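Trainee: sequence and predicted structure below; questions after.
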Amino acid sequence: MAEPPKSEAQQVGLESSSRPPRPPSNLPSEPHKGGGGDRNGSYSGHKINYPNPPDPVNPDAATLRDQWRFAIRQYSRWYSHAWGTAILAGAAFFALGWIIKGSNPLASFHDDAKDQNQKQSEASASGQPHVAP
């Protein structure tokens, strides 16, 4: 049986598919390993695959500006979320301390004059002399 004649586009497609693919750029296949290592330059046989290879050229100014603005927005969002979480956690722990203790858990908010008066009244009621700390 004879094959029907192929169009020019089909022939070009066949020719291009039979060729091996061309590498995307002239990047080195293996990175240079610094330090001592083997003197003959051989590696352990592991080829390092770059999951995110570098761009062949630097992006234009508009793209860089957009990326920078996006990064600033993301950082600002994360920063504000972190502060919000810290404030909420502080309030929650303060409330928990208040519930457990039954009164203000922060000793710095106690009124010293009020405490002194209570100690004096307790001491006079029990008949013991008051000793200043």
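Mentor: Arrived safely, thanks for sending. Remember, it's a predicted structure, so these values are computed and weren't measured experimentally.

Trainee: going forward, measure contacts between C-alpha atoms and count neighbours the same way
Mentor: OK.

Trainee: mind pulling up the pLDDT for Pro105?
Mentor: Per-residue pLDDT puts Pro105 at 83.

Trainee: what's the helix or strand for it?
Mentor: Following DSSP states H and E, there is no helix or strand that holds Pro105.

Trainee: so who does it touch?
Mentor: Contacts for Pro105 (C-alpha atoms under 8 Å, 6 or more residues apart in numbering) come out as 94, 97-98.

Trainee: now render the residues you listed as a markdown table, adding secondary structure, pLDDT and neighbour count.
Mentor: Putting the contacts of Pro105 into a markdown table (DSSP: H, G, I helix; E, B strand; the rest coil; pLDDT from 0 to 100; neighbours: other C-alpha atoms under 10 Å) gives the following:
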| residue | secondary structure | pLDDT | neighbour count |
| --- | --- | --- | --- |
| Phe94 | helix | 93 | 15 |
| Gly97 | helix | 92 | 15 |
| Trp98 | helix | 91 | 14 |
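
Trainee: now those in TSV, with distance to Asn49?
Mentor: TSV is the format used below for those (distance: C-alpha to C-alpha, whole Å):
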residue	distance to Asn49
Phe94	51
Gly97	53
Trp98	56
